[in-house]
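Visitor: Sequence and predicted structure below; questions after.
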Amino acid sequence: MKVLVVGGAGYIGSHVVHAFLSAGHDVTVFDNLSSGQLINLVPGTGFIAGDIRHPDDLDAAFSRGFDAFVHLAAFKAVGESMSEPEKYSVNNLSGTINILNAACAHGCKRMVFSSSAAIFGSPQYLPIDEAHPANPESYYGFTKLEIERILAWYDRIRGLRFAALRYFNAAGYDPDGTVLGLESNPQNLLPIIMEVAMGWRKELQIFGNDYDTRDGTCVRDYVHVSDLARAHVLALETIDREDESLTVNLGSETGITVTEMLETAREVTGVEIPARYVDRRPGDPSELYATSAHAKKRIGWEAELSDCKTLISSTWDVYRKHQTAEK
Ligand code: UDP
């Protein structure tokens, strides 16, 4: 298929591009490079510089004729979404509507949408399945949920078939070393641990050690980004074959605590990685993990690379390549 990957120069997007190319699809990236980077562009991909806030950019892109698109162009910082919601309204909500309108106007009616576990809020039960109530606790999570609802209407009215993929905690790098871009000012646990290991940050602050978990720190479901990327290909091929939309949670079914991640990172890197306990971060649920039973049944997917060691070693390999880079 001829696939447009909107946001394809970002961390997850570039892995998605790689997965589609490996599966034999023809890929073009659309990105404004606000957080995406040209270094992430996989050789063999087309590139369109454009912004989802500008309908003309999208019209020009979709006029090239695509069979399907993947939409990953979103701001994703939970904290920022609570202090600057306008940014999230304009980019995540209006920008997505611009994409849908341009795609439908040009007859491109197959899409994969990067949704998030943030739509659920604090878990009412574990593991989280697709039927779990959605009560987002951040404006970011709200934008993702709202888009899922808009997609259901475009499906009904315009015949747009979508796969909404609710990522749990994306982590890791392509083990083949095809993606090299580092996120600047990362907010997530593993890249922060890596920056401490590199000496770019003084210490890891562990947000709370008094949770009711096996070691007192929060449990999350980390999924290798290459596993997530593969799910996009499977999901698109499924909706195209069945002509029916789908929504799945993408988790590894394995909860890892912050301390376990840190200890394994010390082991893998051989670096001490200074860390200190600080207060809980507001809004952090103690445990979050998914069941992937539905993803397995619906698109034939399950995590294969999402064990703690592979997550860390694949990330450390990329950071080490940047050893000489100025920070
Ligand atoms: N975390 C931490 N220190 C950090 C960043 C994250 O202790 O500097 C913890 C955070 O409280 C959570 C887990 O690591 O329990 C994963 O956080 P992240 O921000 O990566 O993802 P989230 O689960 O919030 O989507």
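Guide: Done, it's in.
Visitor: How many residues are close by the residue of the stretch 201-327 of the chain found nearest the ligand?
Guide: As assessed by Cβ to the nearest ligand atom, the ligand sits closest to residue 218 within the stretch 201-327 of the chain, at 3.0 Å. From N, CA and C alone the C-beta is placed, and that goes for glycine too. By other Cβ atoms under 10 Å, 24 other residues sit near residue 218.
Visitor: Can you pull the phi/psi pair for it?
Guide: Per-residue torsions, residue 218: phi -70, psi 150 (degrees, to the nearest 10).
Visitor: Would you enumerate the residues in contact with it?
Guide: For residue 218, the contact set (Cβ atoms under 8 Å, 6 or more residues apart in numbering) comprises 207-208, 211, 257-258, 284-288.
Visitor: Helices - which of those residues land there?
Guide: Taking DSSP state H as the definition of helices, those contribute residue 258.
Visitor: Give me the buried entries from the contacts of residue 218.
Guide: Among the contacts of residue 218, the ones that count as buried by 16 or more other Cβ atoms under 10 Å are 207-208, 211, 257-258, 284, 286-288.
Visitor: Of those residues, which fall within the contact range of the ligand?
Guide: Among these, proximity to the ligand is found for 207, 258, 284 (Cβ under 6 Å from any ligand atom).
Visitor: any idea how far the closest residue to the first one other than its chain neighbours lies from residue 141?
Guide: Which is residue 207. The spatial neighbour of residue 207 that comes closest, neighbours along the chain excluded (Cβ to Cβ, 6 or more residues apart in numbering), is residue 281 at 4.0 Å. Per Cβ to Cβ, to the nearest Å, residue 281 is found 15 Å from residue 141.
Visitor: and if you look at residue 171?
Guide: For residue 171 relative to residue 141 (Cβ to Cβ), the value is 19 Å.
Visitor: which one in the ones next to the ligand among the buried ones among the contacts of residue 218 is the model shakiest on?
Guide: Least confident by pLDDT among these: that is residue 284, with 86.
Visitor: mind checking pLDDT for the residue lying closest to that residue once chain neighbours are set aside?
Guide: Distances taken as Cβ to Cβ, 6+ apart put residue 218 closest to residue 284, at 5.8 Å, once the chain neighbours are dropped. With respect to pLDDT, residue 218 scores 96.
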